[in-house]
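Novice: Could you work out the structure for the sequence below:
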Amino acid sequence: MPRRKPTPAQAQLHLQVYDLRREARLREAREWFLQNFFVDTTDDYLRIAPPGSREGTYAMMVVSYWDQACALLNYGLLHEDLFFETSGEFYAAWQRIQPIVPTLRERYRIRYWASNLEKAARRFEKWIERKSPGALAAMREFTKMMRDAKAKE
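Specialist: Presented below is the predicted three-dimensional model:
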């Protein structure tokens with residue numbers, strides 16, 4: 001069965017979502033997040049990115065940006081293959097917050113916090129393994145290498 005092509009509206013929205021990533025403060029937040037946000041517990045999170053701090057703001061900017069982008073994807077406004085082929089950073093963000101999501105949802109009584117990001121990440125895992133077997137393990141290994149390097153600083 002041939003793949004459905006993105007509609008012109010989906011392509012336009014995709015470009016708008018990409019363009020938002022280029023906003024200076026979000027770009028700074030994304031860079032900090034990918035280089036520094038390695039947590040296993042909410043205590044780690046509160047130490048690395050306490051609420052009200054620059055780092056806390058950066059963490060929430062990144063998570064909320066990707067959760068919103070994934071909401072557009074989950075509601076069918078973005079083309080899934082196009083998004084997955086060109087936007088792997090959302091999955092890196094999910095990997096970083098995954099250990100603390102259940103606790104934060106419980107603590108703040110927001111069961112749906114980062115749920116769009118989570119739903120898209122689950123589909124992406126199946127998609128990437130079908131398209132490129134072994135890529136998920138390689139991505140996880142790369143994240144581990146980054147984490148180990150950060151721990152040695």
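
Novice: Need the single longest helix in the chain, by residues.
Specialist: If you go by DSSP state H, the chain has its longest helix at helix 54-74.

Novice: So what touches the least confident helix or strand in the chain by mean pLDDT?
Specialist: The helix or strand of the chain with the poorest confidence is helix 135-152; it has a mean of 92 (mean pLDDT, DSSP states H and E). Residues outside helix 135-152 that contact it (C-beta atoms under 8 Å, 6 or more residues apart in numbering): 34-36, 38, 88, 91-92, 95-96, 125, 128-129. C-beta here means a position set from N, CA and C on the backbone, and glycine is covered the same way.

Novice: just for the protein, where's the confidence low?
Specialist: Residues of the chain meeting the criterion pLDDT under 70: 1-3.

Novice: so where do the helices sit in it?
Specialist: 8-21, 24-36, 42-48, 54-74, 80-86, 89-97, 101-108, 115-131, 135-152.

Novice: can these go into a markdown table with extra columns for mean neighbour count?
Specialist: Formatted as a markdown table, the helices of the chain follow (neighbours: other C-beta atoms under 10 Å):
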| stretch | mean neighbour count |
| --- | --- |
| helix 8-21 | 14 |
| helix 24-36 | 15 |
| helix 42-48 | 15 |
| helix 54-74 | 20 |
| helix 80-86 | 16 |
| helix 89-97 | 21 |
| helix 101-108 | 13 |
| helix 115-131 | 17 |
| helix 135-152 | 12 |
